[in-house]
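Chemist: generate coordinates for the sequence data below:
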Amino acid sequence: MIRTLLANFLTMWLPLLLIAAGILLVVKSRSARGGANAKFYTGALLLSVPLGLIAYIGSGMIAAALHGGGHFYSVPFGGYTASNDAALASSALLWIGMVFLCLSATLRPRS
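Modeler: Below is the predicted model:
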């Protein structure tokens, strides 16, 4: 029972909480005066974790469909060999970093 609740929390509620907290911090930092940069970048990081993982999974599904494969394709590292955990983790971190950079560039705090 506890394992089911924990799995539901990790897959459904934690990403929603991270997105909500990230949006709240970004919005608060745009209207704040001092210390807004720390709030902004923390909010952008909280937003980029679930959004980066969603982008990673989506890109893997699209790449698998384009290659005609029937299973996940890890973009850019790993390919069809999903047994290499380091390649999967580095791909996920790369996508999270790219989303963070895009969010930071587009939602820049006002000076």
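
Chemist: packing partners for the helix or strand harbouring residue 46?
Modeler: With the criterion set as DSSP states H and E, the secondary-structure element containing residue 46 is helix 36-67. With contacts defined as 3 or more C-beta pairs under 8 Å, 6 or more residues apart in numbering; DSSP states H and E, helix 36-67 has these neighbours: helix 14-31, helix 85-106. All C-beta spots, glycine's among them, are computed from the backbone N, C-alpha and C.

Chemist: closest one to residue 73 among the ones you listed?
Modeler: Proximity to residue 73, assessed across these by C-beta to C-beta, is greatest for helix 85-106 (10.2 Å).

Chemist: could you check the angle the closest one makes with helix 14-31?
Modeler: Orientation of helix 85-106 against helix 14-31 (axes from the mean of the first three to the mean of the last three C-alpha atoms, to 10 degrees) gives an angle of 30 degrees.

Chemist: helix 85-106 - contacts with which helices or strands?
Modeler: Using 3+ C-beta pairs under 8 Å, 6+ apart as the contact criterion, the secondary-structure elements in contact with helix 85-106 are helix 36-67.

Chemist: got the buried residues for the helix it packs on?
Modeler: For helix 36-67, a neighbour-count test (16 or more other C-beta atoms under 10 Å) marks 36, 39-41, 43-52, 55-56, 59-60, 63-64 as buried.

Chemist: so where is the chain shaky, pLDDT-wise?
Modeler: In the predicted model, the chain carries pLDDT under 70 at residues 32, 34-35, 82, 109-111.

Chemist: mind putting the helices and strands packed on helix 36-67 into JSON lines with mean neighbour count?
Modeler: Rendered in JSON lines, the data for the helices and strands packed on helix 36-67 read as follows (neighbours: other C-beta atoms under 10 Å):
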{"stretch": "helix 14-31", "mean neighbour count": "15"}
{"stretch": "helix 85-106", "mean neighbour count": "15"}
